[in-house]
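>>> here is my input, please return the structure:
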Amino acid sequence: MDIYLVGGAVRDELLGLPVKERDWVVVGGTPQQLADQGFRPVGKDFPVFLHPETGEEYALARTERKSGHGYGGFAFHTDPAITLEEDLIRRDLTINAMARTADGQVIDPYNGRQDLKARILRHVSPAFAEDPLRVLRVARFAARYRCLGFQVAEETVELMTQIALSGELEHLPAERVWKETSRALMERSPQAFFQTLHDCGALAELFPELANLDGVPQCPDHHPAVDVLTHQYRCLAQAARQKLPLTPRFALLCHDLGKAETPPDGWPEHRGHERRSENLAREFAERLKVPKDLAEAGVTMARWQRRGQRALTLRALEVWELLRSLDVIRRPRRLKFFISACEVCARACAADPKAPFPQGEFLHGAAEAVRQVDVAGLRKAGLAGPALGHALDEKRIKTIREYKREFIEQWRQ
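Okay, here's the model as predicted:
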């Protein structure tokens, strides 16, 4: 029984990157042998075992054949006679099809090392086309390694295009699509994920709301001379540079979806796109089964981001409507994601990506001011029910008006 370190751990070691997790393949072994050594079996599709001390995964060498639709439509076969090379050839990319022995020797039957040096993401074999999930995985690797200069090989893009045209992507469960997407959004070049999918035609199949933004013009008074999809890419790139968490990144993905539904005679102003964006963001999140808090962030950003950008020119009533919609009294943390996403959007449009964003400081201060408004005093005055709510709103609006006056005076100095 021989054991090899495989996959991403070998790849990242050779790239000089930190190794986050280690996977192992067992050649010449049986489930009983591993069980006798204290390994704990997990997984339903093929024998995988957890090491009794490290908890790392050890999989028996296997082959597989296509038996149905989707990424789960495979029959797996394990046998002590299966070689390491037979196991590795079924993997997705050459850079993931390398192994390392216990003494440090790298086994590389499919030229993964060469592709690492050339900065190429290349499929191992034609079997790549049998698994539609690999389209998303390659796009995610593009998002991870684009900063190192990696590009997808032309022949791999051709296979990905065949998968997109085959209808196989329709069989991917929403949960798997979202898992790959959420991971890609947190990579160093998240825009490369969507660019790669667009290059092979998969964006229109998986994310039609985004694909429909391609070629739709932006208003030149507020945005650089790019279409809406390119603006989305720039926002994601800026969010990655600022190392934002997942919530604002997903919110940015949703913020301009409604511009795809603007009739051409309404270009490039896109009047009223916020409501259309809100509806599309909700449908988008529901289809992908996005977690509730992230879905709410996407809908909120789509509906209110324009006010966030224009916070310093809004009337006090409009500022309060924005803060109330964000529920800043009960859920103050929501304002943080909203401001950070608005800031990224503004900087993606600006000539200077580090340009100041005083709107964020103003909204933080205005929210804190309205939280300090005394409710008890109004109750002591005998107000209750709708009358109390109306008086409280009036007091908060007045507070915002006074705070804005002070803020602008200080900001101009």
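>>> does residue 261 really touch residue 278, like I thought?
No: applying CB atoms under 8 Å as the test, residue 261 and residue 278 come out as separate, 11.7 Å apart. In short, each C-beta sits where N, CA and C put it, glycine included.
>>> settle it for me: which of those two has more neighbours?
The neighbour count for residue 261 versus residue 278, taken as other CB atoms under 10 Å, is higher for residue 278 (21 against 17).
>>> now that one: closest residue in space that isn't a chain neighbour?
Distances taken as CB to CB, 6 or more residues apart in numbering put residue 303 closest to residue 278, at 4.2 Å, once the chain neighbours are dropped.
>>> distance from whichever strand or helix holds that neighbour to the middle of the chain?
Counting by DSSP states H and E, the element that carries residue 303 is helix 292-309. What separates the centre of helix 292-309 from the centre of its chain is 16 Å, taken as CA atoms, centre = their mean, to the nearest Å.
>>> how far does the helix or strand just after that helix sit from its chain's centre?
Toward the C-terminus, helix 292-309 is succeeded by helix 316-325 as the next helix or strand (DSSP H and E). Computed by CA atoms, centre = their mean, the chain-centroid distance of helix 316-325 equals 29 Å.
>>> which residues touch stretch 34-54?
With contacts defined as CB atoms under 8 Å, 6 or more residues apart in numbering, stretch 34-54 is touched by 26, 31, 56-60, 62, 64, 72, 74, 76, 78.
>>> and these, which is the shakiest by pLDDT?
Taken together, the contacts of stretch 34-54 show their lowest pLDDT at residue 74, with 52.
>>> mind listing the strands in the stretch 1-150 of the chain by residue range?
With DSSP state E, counting those that start in this stretch as the criterion, the stretch 1-150 of the chain has strands at 2-6, 23-27, 40-42, 48-50, 57-60, 62-66, 74-78, 99-100, 106-107, 120-121.
>>> what's the closest of the ones you listed to residue 274?
Among the strands of the stretch 1-150 of the chain, the nearest to residue 274 by CB to CB is strand 120-121 (37.6 Å).
>>> just name whatever secondary elements the closest one is in contact with.
Helices and strands touching strand 120-121, by 3 or more CB pairs under 8 Å, 6 or more residues apart in numbering; DSSP states H and E, are helix 133-145, strand 151-152.
>>> could you give the average pLDDT over the shortest one?
Strand 151-152 carries an average pLDDT of 98.
>>> again with stretch 240-256
Average pLDDT, stretch 240-256: 96.
>>> got the buried residues for the longest helix anywhere in the chain?
Ranked by number of residues, the top helix in the chain under DSSP state H is helix 385-412. Residues 392-393, 395-397, 399-400, 403-404, 407 are the ones in helix 385-412 that count as buried (16 or more other CB atoms under 10 Å).
>>> adding pLDDT and distance to residue 234, write those out as a markdown table.
Shown next, in a markdown table, are the buried residues of helix 385-412 (pLDDT from 0 to 100; distance: CB to CB, whole Å):
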| residue | pLDDT | distance to residue 234 |
| --- | --- | --- |
| 392 | 92 | 41 |
| 393 | 92 | 38 |
| 395 | 94 | 41 |
| 396 | 95 | 36 |
| 397 | 96 | 35 |
| 399 | 96 | 36 |
| 400 | 97 | 32 |
| 403 | 97 | 32 |
| 404 | 96 | 30 |
| 407 | 96 | 29 |
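>>> out of the residues you listed, who's nearest residue 108?
Of all the buried residues of helix 385-412, residue 407 has the smallest distance to residue 108: 60.8 Å, by CB to CB.
>>> residue contacts, the closest residue to the closest one other than its chain neighbours?
Leaving out its chain neighbours, the residue that sits closest to residue 407 by CB to CB, 6+ apart is residue 362, at 5.3 Å. Residues counted as contacts of residue 362 (CB under 8 Å, 6+ apart) are 311-312, 404, 407.
>>> try 6 Å
311-312, 407 (CB atoms under 6 Å, 6 or more residues apart in numbering).
>>> just residue 1 next, same as before
Contacts for residue 1 (CB under 6 Å, 6+ apart) come out as 28-29.
>>> that one and residue 55, how far apart?
20 Å (CB to CB, to the nearest Å).
>>> before we move on, what about residue 360?
42 Å.
>>> next: residue 409.
Separation of residue 409 from residue 55 (CB to CB): 59 Å.
>>> now swap in residue 208 and tell me
For residue 208, the distance to residue 55 (CB to CB) stands at 40 Å.
>>> between these two, who's got more neighbours?
Neighbours of residue 208 and residue 55, each counted by other CB under 10 Å, are more numerous for residue 208; the result is 14 against 9.
>>> which residues does the more buried one contact?
No contacts exist for residue 208 under CB under 6 Å, 6+ apart.
>>> quick one: it from residue 399, how far?
The separation that residue 208 has from residue 399, given CB to CB, amounts to 44 Å.
>>> most packed of the helices and strands packed on strand 120-121?
With neighbours taken as mean count of other CB atoms under 10 Å, the helices and strands packed on strand 120-121 reach their highest mean count in helix 133-145, at a mean of 24.
>>> helices or strands next to that one in the packing?
helix 174-185, helix 190-199 (3 or more CB pairs under 6 Å, 6 or more residues apart in numbering; DSSP states H and E).
>>> deepest-packed of the ones you listed, please.
Comparing the helices and strands packed on helix 133-145 by mean count of other CB under 10 Å gives helix 190-199 as most buried, with a mean of 24.
>>> and stretch 272-290, how far out from the chain's middle?
When distances are taken as CA atoms, centre = their mean, stretch 272-290 is centred 16 Å away from the chain's centroid.
>>> so residue 57 sits right up against residue 23, yeah?
Yes: between residue 57 and residue 23 a contact is recorded at 5.3 Å, counting by CB atoms under 6 Å.
>>> where does pLDDT dip in the chain?
44-46, 65-75, 221-225 (pLDDT under 70).
>>> hang on, the earlier thing: so which of the helices and strands packed on helix 133-145 is nearest residue 113?
Residue 113 lies closest to helix 190-199 among the helices and strands packed on helix 133-145, at 22.8 Å (CB to CB).
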